[in-house]
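>>> Structure of the sequence below:
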Amino acid sequence: MILFVFKKLLQDNFITEEQFRCIERDKLKPLSVHWELRTLLYLGILLLTTAMGIFVYKNIDTIGHQVIIILIALACAACFFYCFKKSKGYSGNKVESPGILFDYILLSGCLLLLIFIGYIQFEYHLFGNRWGLSVFIPMVILFFLAYYFDHLGVLSLAITNLAAWLGITVTPVQILDENNFGDVQIIYTGLILGAGLTTISYMITYKNIKAHFAFTYKNFGLNILFISLLAALFYFENIYMIWFVVITAASSFFFRNAIKEKSFYFLVITVLYAYTAVSYVVINLLSTGSGKAGIYIGIVYFIASGIALIRFLILYNKKLKKDESIQQQ
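So this is what the prediction gives:
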């Protein structure tokens, strides 16, 4: 049936004879559905935890808090019991997963752990008003589990909890009572956290301790750092040029590093953050005494800079692919 479709495309000159032969030849080869299965499994985890939340919400009066807590605790314990039984143990190097089911059950257990601690804190105030403890304790457990079981998904959960814990520790009143996320302390905390996570990514690569975790640390660190820098650029209006210089220096560092590592992903996000900062400065300068002319210049700027940005990224994408192909030869 599939070949019939491609034969029709060949007859209508939508594909060439050479392309058709390639399709015909590759049709007999086995097709990997590894990542499709993993995606479906992780989607299953999300649907499972969502369904549990909806079920608890609709039946809380008939089931009772104690029964729900016991069920969540038992399910969480069962997940971790299976994982510790099947685990190969800790190693400083990369440890292959025992199977896709193992990853599924481990991630389910971690999410159930977060639900369990959050539930007992919300309903019974186990930690009182010390909300930081309700985030700090699962954070420590998640970091332990991430390293012991060598799981990037759990590591991402742990880093997210670290960011939440730092935010709550620095400004608990503003966050919990006023939802004031524009506080200066939050910006400085983000800068420290972003720089710290980025530093860890380089350290574990240099020391070769779970070096494959470096991408996750750097991904979180770079994004948090640049978001905090942009927040500082927008917040400190009187000295925004100083923050622009800092962003320029950080962009230059990460851009050179992306070229060195041949990482188009980090190159793209670095360039986009830098472009946002440059655009803010340009609009700020145009808005001071330019009048209507500034509006037209701003429109021209965004059109021209947008085209230049796309061409720049295409150029470097080709350059990185070319360098990579030369190295493989």
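>>> Looking at residue 17 now. What's its pLDDT?
pLDDT recorded at residue 17 is 78.
>>> swap in the one 10 residues further on?
At residue 27 the predicted local confidence, pLDDT, stands at 59.
>>> Kindly report the same for residue 312.
Looking at residue 312, the pLDDT reads 92.
>>> which residues touch it?
Residue 312 makes contacts with residue 271, as judged by C-beta atoms under 8 Å, 6 or more residues apart in numbering. The way it works is simple: take the backbone N, C-alpha and C, and place the C-beta from them, glycine included.
>>> Okay, it and residue 264: tell me how far apart.
12 Å (C-beta to C-beta, to the nearest Å).
>>> How about residue 84?
Computed as C-beta to C-beta, the residue 84 to residue 264 distance reads 39 Å.
>>> quick one, which of these two is more surrounded?
residue 264 (17 against 13; other C-beta atoms under 10 Å).
>>> give the contact list for that one.
Applying C-beta under 8 Å, 6+ apart to residue 264 gives the contacts 258, 316, 317, 320.
>>> can you tell me which two in those residues are farthest apart?
258 and 317 (11.6 Å; C-beta to C-beta).
>>> Could you point out the longest helix of this structure?
For the chain, the helix that runs over the most residues, judged by DSSP state H, is helix 292-328.
>>> Buried residues of it, list them for me.
By neighbour count on 16 or more other C-beta atoms under 10 Å, the buried set for helix 292-328 is 294, 298, 301, 316, 320.
>>> Sort out which one of these lies nearest residue 279 for me.
The closest of the buried residues of helix 292-328 to residue 279 turns out to be residue 301 (C-beta to C-beta; 7.7 Å).
>>> quick one: the closest one and residue 263, what's the gap?
29 Å.
>>> With residue 106 instead?
The gap separating residue 106 from residue 263 is 28 Å, by C-beta to C-beta.
>>> Have a look at those two and say which one is more surrounded.
Ranked by neighbour count (other C-beta under 10 Å), residue 106 and residue 263 place residue 106 first, with 26 against 17.
>>> Excluding chain neighbours, what is closest to that one?
Nearest non-adjacent residue to residue 106, counting by C-beta to C-beta, 6 or more residues apart in numbering: residue 83, 4.9 Å away.
>>> Might one say that the one you found is in contact with residue 149?
Yes. The pair residue 83 / residue 149 is scored as a contact, 6.2 Å apart, by C-beta atoms under 8 Å.
>>> Return every residue with contacts to both of those two.
Shared contacts of residue 83 and residue 149, counting by C-beta under 8 Å, 6+ apart, come down to residue 106.
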